[in-house]
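[1] here is a sequence together with a model predicted from it:
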Amino acid sequence: MVGITEMTNWAVDLIDVRKTYSRNIQALRGVNIQVGRGEIFGLLGPNGAGKTTLVKIMMTVVRPNQALGTILGRPIGHRGKLAVTGYLPENHRFPGYLTGWQLLDYYAALAKVPRSIRRERAPKLLARVAMSQWADTRIDKYSKGMLQRLGIAQALMNDPELLVLDEPTDGLDPVGRRDVRNLLIELRNQGKTVFLNSHLLSELEMVCDRVAILVDGMVARQGTLKDLTERTVEYRIGFSGNVAPLSEKLRALGVAIDATTIVVSGHDNGKINAVIDILRSGGVSIESVVPHRFSLEDILVEAIGSSGVATPPRAPRAAPRQA
């Protein structure tokens, strides 16, 4: 069943998305995700969490058992909105006998982009992904990284409002990944929405405004990077001097000590100040106090390790309604 409850101005507003494959394999178990217009949204999770299944449902490649909500303000699968959505699937396959230029022209024609616009847009996008010199080369001569660059250009040929990318940096070297990050930021600055599925947490952390973490077919975490990573895991106090005479007092506070660093777990200002007072009273020089905050990797590991993962309350439905 594909339906709609209300029109909102979310770029993506998925409600209770469910998918069960044969042999009762539950890939998605009631996923709720909201993506604002003009933001880069990251989808992450362990292998088998249901990320690619969710992307394929959004693009109508896979039929869900249930999926309510909207994409670009219209029901999932609306042809008019699919026409203004760019898509790069994971493990894409292109006809090897086409050249890079021919492929962009072919896919844009499928999206009903006028011929004059295709001819103007294709060379610009090939240049943007650093593939101009390979425009007239058959695709079966391309490396994996070149195919990935071409795939991103293909997804942009219809000048999409929403760009859905499934593992877009797969096969790219560090320079290529940097180029993709810069391109995504450019697209966001142009007001486009990017839905990004990637297992490279460092890539997501550098470009995403908000993320959702899927675990076992359910949303375990969702929010802005600031909200998800604001917790402090520990403080690391660097020192120089002999702390041996002070070790009993320090260990009584539950801290860990090595040759040059004391680690205070959690965010406890009282405990941190007590450690500093003990060090100063013993004539030990304090060289640094550095907070270590949660990273996306920490959040993901915590989410995977949590027992009884449940979908949190939905994001506030405060996006303005469409007229």
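    Looks like it came in fine.
[2] so Ile57: helix, strand or coil?
    What DSSP: H, G, I helix; E, B strand; the rest coil gives for Ile57 is helix.
[3] give me the neighbour count for it.
    25 (other C-beta atoms under 10 Å). Where C-beta positions appear, they are placed from N, C-alpha and C, glycine not excepted.
[4] which residue is the nearest non-sequential neighbour of it?
    Leaving aside its sequence neighbours, Ile57 sits nearest to Pro64 (C-beta to C-beta, 6 or more residues apart in numbering; 4.8 Å).
[5] isn't that neighbour up against Leu28?
    Yes - counting by C-beta atoms under 8 Å, Pro64 touches Leu28, with 7.3 Å between them.
[6] neighbour count winner among the two?
    Ranked by neighbour count (other C-beta under 10 Å), Pro64 and Leu28 place Leu28 first, with 27 against 24.
[7] tell me which residues are up against the helix or strand where that one lies.
    Secondary-structure assignment from DSSP states H and E places Leu28 in strand 25-35. Residues from elsewhere that reach strand 25-35 (C-beta atoms under 8 Å, 6 or more residues apart in numbering): 10-21, 41, 43, 50, 53-54, 57, 64, 193, 195, 210, 212, 214, 216-219, 222, 311, 314-315, 317, 319.
[8] distance of the nearest residue to Ala212 once chain neighbours are set aside from Val84?
    Excluding the flanking residues, the one nearest Ala212 by C-beta to C-beta, 6+ apart is Gln222, at 4.3 Å. Distance, Gln222 to Val84, using C-beta to C-beta, to the nearest Å: 25 Å.
[9] over to Gly217?
    29 Å.
[10] of the two, give the one with the bigger neighbour count.
    Between Gly217 and Val84, counted using other C-beta under 10 Å, the more crowded position is Gly217 (24 against 13).
[11] just checking, the more buried one touches Lys51?
    No - between Gly217 and Lys51 there is no contact under C-beta under 8 Å: 9.9 Å.
[12] show me the contacts for the residue nearest the centre of the chain.
    The chain has Gly42 as the residue nearest its centroid, 1.9 Å off, counting by C-alpha atoms, centre = their mean. Gly42 is in contact with Leu196, Asn197, Ser198, Leu204, Val207, Cys208, Arg210, Val211, Ala212, counting by C-beta under 8 Å, 6+ apart.
[13] number of residues surrounding the closest residue in space to Asp179 that isn't next to it in sequence?
    In space, and not counting its chain neighbours, Asp179 is closest to Ala130: 6.6 Å by C-beta to C-beta, 6+ apart. A count of nearby residues for Ala130, using other C-beta under 10 Å, gives 14.
[14] quick check on Ala130: phi, psi?
    phi 60, psi 40 (degrees, to the nearest 10).
[15] ok, now how distant is it from Arg178?
    11 Å.
[16] with Asn189 instead?
    According to C-beta to C-beta, Asn189 and Arg178 sit 17 Å apart.
[17] Thr52 too?
    Thr52 is 24 Å from Arg178, by C-beta to C-beta.
[18] counting neighbours, go ahead and name the busier of these two.
    Neighbour count, other C-beta under 10 Å: between Thr52 and Arg178, Thr52 has more, with 20 against 14.
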